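In: This is a predicted model, with the sequence first.
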Amino acid sequence: MAEPITGRIWTFGDNVNTDVIFPGKYTYTLKNSSDIAAHALEDLEPEFASRVQPKDIIVAGTNWGCGSSREQAVTCLVYAGVSAIVAKSFSRIYYRNALNNGLLAIECPEFVEQAQAGLAATISLQNSTIKLEGLLEPFAFKPFSTDVIRLLEAGGLVSFVKKQLNQT
Amino acid sequence: MANSNNRGQTFAQKALARAAGREHALVGEILDVTPDVILSHDNTAAIRKVWKEFGQERVLNPHKLAITLDHAVPAPTSVHAQNHKEIRSFAEEQGIVNFFEAGRGICHQVLSEEVVVKPGQVILGADSHTPHFGWLGAFGAGIGRSEVAALWAQGDLWLKVPSTIRIHLNGILPPSVTAKDFTLKIIGDLGSDGGIYRSIEFAGDTVHAMSIDSRSVLPNMMAELGAKNSFICPDETTLAYCTARLTRRRFGHAASPDQSQQIREELVAGCLYPDAECELEAEHFYQADLLEPYVACPHHVDNVVPISELTQVRVDQAFIGTCTNGRLEDIAAAAGILAGKNIAKHTRLLVIPASSEVLQESMRLGYADALVSAGAMLGVPGCGPCMGNHLGIPAPGEVIISSANRNFQGRMGTPEADIYLSSPAVVAASAVTGYITDPREL
């Protein structure tokens, strides 16, 4: 977690819901990670799955991930290589699902206002900042709590719980 | 300090404090909460796979698991059938008492009918409409699949104590204006992130005058406001419903008045009420007499207009059902409108009861006959086409009027279809004319 993450930006608007991130019709039929990744955001940005690069960053408006609790709306992006989502706000189940799967979910409205698709951004968890290509001053976000950092360092909830169960 | 131990507490503070073994909880505080009920449905097979990674043979708390097969029933493909098969054998192997087979109905309706969740309890579920259980005074919140697996393994989960928004409704609802219309009005006013991370409490004489079927809609739809949970104070209506059903479930039909009284006392002891002086983030006041039928237009639930402002919208398929509006009262309203009439030639009507009990009552009371005689299709109790798994998926370019809770693009399985949301009465009236129609105009 000490190393900063750099990726290219994809931009989306407000209230992007889990049905367009990962359609409900696939929730009980697609099981392996490459199949799940192949349908990420297909109804909203049909070229996303074929053009996304490892470490890419999704930048969105308010209430990203509203709607269903389906966890594939997070894992489809993880499997596609997305490293972080920076939004003005998140729906609460999506926010939990993201951190539980080791996907960075960062609220930083000031950054979202300036971000443009295709530019690079660099996220430092150590400094709680995001730097946008072409701007000198990085944007600050509220640091994650130590509990969340531990969760992310463990690689998500499943690995975290495994560790806890082994200790007791 | 605005937030001290001396202040009264909201329902959310009290419920989460109790589930964390504490006397008091502060808004914003993070607690390790041990829920009373852990809900999952067709996603149970996927959760089991995650849980297996923990290396356990037995779940920690089999009596707390409630599993319903509802999202794709009866199985539309062999892949879905295999999924159900894995869930059945898991329920058998772990001795899950509260396992409900395909056809029994939708998780939120079935667990309500069976009183698996009781007033004052905490239920966490791998389903975003888990706030539903606020209708009976429980704390219900949706969580992810991995979190349910973690709960099976270790029993508790961190939750942040939400701040509270209270919404009041007073006065008398005009004819053909329903609880659903009220929720659409709220979501239109506050936006689909208007209750994000919040606890939404309902109050007012109109709310407490509502039937069980009507009041169930209020917390259910607050999921579309982004709420963490929602709450209605348990009253005589709540206690009478829960007492009768729990007594029957525990002691059978021949239960004595003493046994019934024992159950009632047990339920009353569990109830939690917000203190008179508690910390509210905001309050909103609505007058029931001023409400009218509302419609949420494509593709967002907060894209709400009064039906009077809607210009002619031609409907290909009308759908009545789901955890939001598939109860007996909803089917009765539809049957009342459709009795002796025919559905418009260019329109189909699909009715899917929320539970087997709703289906049986619909048959007993003649509603099923009235609907089928008018030309409706009647489906097996379950979620139906709500999230596009099966049964009633629209064709590209088609327009749907639905009593469900979400109209997101592609929600019903076809991204090129337009979904409008409304009360069951509006859906039924629209099926008659073939255009989105105010039931008061029929």
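Out: Sure, I can see it.

In: Which residues belonging to the lengthiest strand in chain A are considered buried?
Out: Ranked by number of residues, the top strand in chain A under DSSP state E is strand A:5-11. Neighbour-count burial for strand A:5-11 flags A:5, A:7, A:8, A:9, A:10, A:11 (criterion: 16 or more other CB atoms under 10 Å in any protein chain shown). Backbone N, C-alpha and C define where each C-beta goes, glycine included.

In: Return the distance of residue B:119 relative to residue A:110.
Out: Going from residue B:119 to residue A:110 by CB to CB, to the nearest Å gives 44 Å.

In: burial measure for residue B:265, as a count.
Out: Neighbours of residue B:265 under the rule other CB atoms under 10 Å in any protein chain shown: 11.

In: circling back: ok, the longest strand of chain A: who's next to it in the sheet?
Out: Partners of strand A:5-11 in the sheet, by DSSP bridges, are strand A:57-60 (parallel), strand A:120-124 (antiparallel).

In: Show the average pLDDT along the helix or strand just after it.
Out: Later in the chain than strand A:5-11, the nearest helix or strand by DSSP states H and E is helix A:18-21. The average pLDDT within helix A:18-21 is 95.

In: cool, and stretch B:29-42?
Out: What stretch B:29-42 shows for mean pLDDT is 97.

In: end to end, how far does it reach?
Out: With CA to CA, to the nearest Å applied, stretch B:29-42 spans 33 Å between its terminal residues.

In: List the buried residues for that stretch?
Out: B:29, B:31, B:33, B:34, B:35, B:36, B:37, B:38, B:39, B:40, B:41, B:42.

In: distance between that stretch and the chain's centre?
Out: 17 Å (CA atoms, centre = their mean, to the nearest Å).

In: does it come close to chain A?
Out: Yes. Interface with chain A: stretch B:29-42 contributes B:30, B:42 (CB under 8 Å from any CB of the partner chain).

In: how near is residue B:136 to residue B:261?
Out: From residue B:136 to residue B:261 the distance is 19 Å (CB to CB).

In: And residue B:111, by the same measure?
Out: The gap separating residue B:111 from residue B:261 is 24 Å, by CB to CB.

In: So between these two, which is more surrounded?
Out: Neighbour totals were compared for residue B:111 and residue B:261, and residue B:111 leads with 26 against 12 (other CB under 10 Å).

In: residue contacts, that one?
Out: Contact partners of residue B:111, counting by CB atoms under 8 Å, 6 or more residues apart in numbering or on different chains, are B:37, B:39, B:66, B:68, B:98, B:117, B:123, B:133.

In: Per-residue confidence at the nearest residue to residue B:185 once chain neighbours are set aside, what does it come out as?
Out: Residue nearest to residue B:185 in three dimensions, not counting chain neighbours: residue B:294, with 5.5 Å by CB to CB, 6 or more residues apart in numbering or on different chains. Residue B:294 is assigned 98 on the pLDDT scale.

In: My read is that residue B:294 contacts residue B:306, right?
Out: Yes. Counting by CB atoms under 8 Å, residue B:294 touches residue B:306, with 5.8 Å between them.

In: For the two, indicate the residue with more neighbours.
Out: Higher neighbour count among residue B:294 and residue B:306: residue B:294, with 27 against 16, using other CB under 10 Å.

In: Ramachandran coordinates for the more buried one?
Out: With angles defined as degrees, to the nearest 10, residue B:294 shows backbone torsions of phi -120, psi 160.

In: what about the top helix by length along chain A, near chain B?
Out: Once chain A is assigned using DSSP state H, the helix that runs over the most residues is helix A:157-167. Yes. Legend: contact between helix A:157-167 and chain B by CB under 8 Å from any CB is shown at A:157, A:158, A:161, A:162, A:164, A:165.

In: what does chain A have sitting close to chain B?
Out: Chain A comes close to chain B at residues A:15, A:17, A:19-20, A:23-25, A:27-29, A:31, A:43-44, A:62-63, A:66-71, A:74, A:89, A:91-93, A:96-97, A:100-101, A:145, A:147, A:156-158, A:161-162, A:164-165, as judged by CB under 8 Å from any CB.
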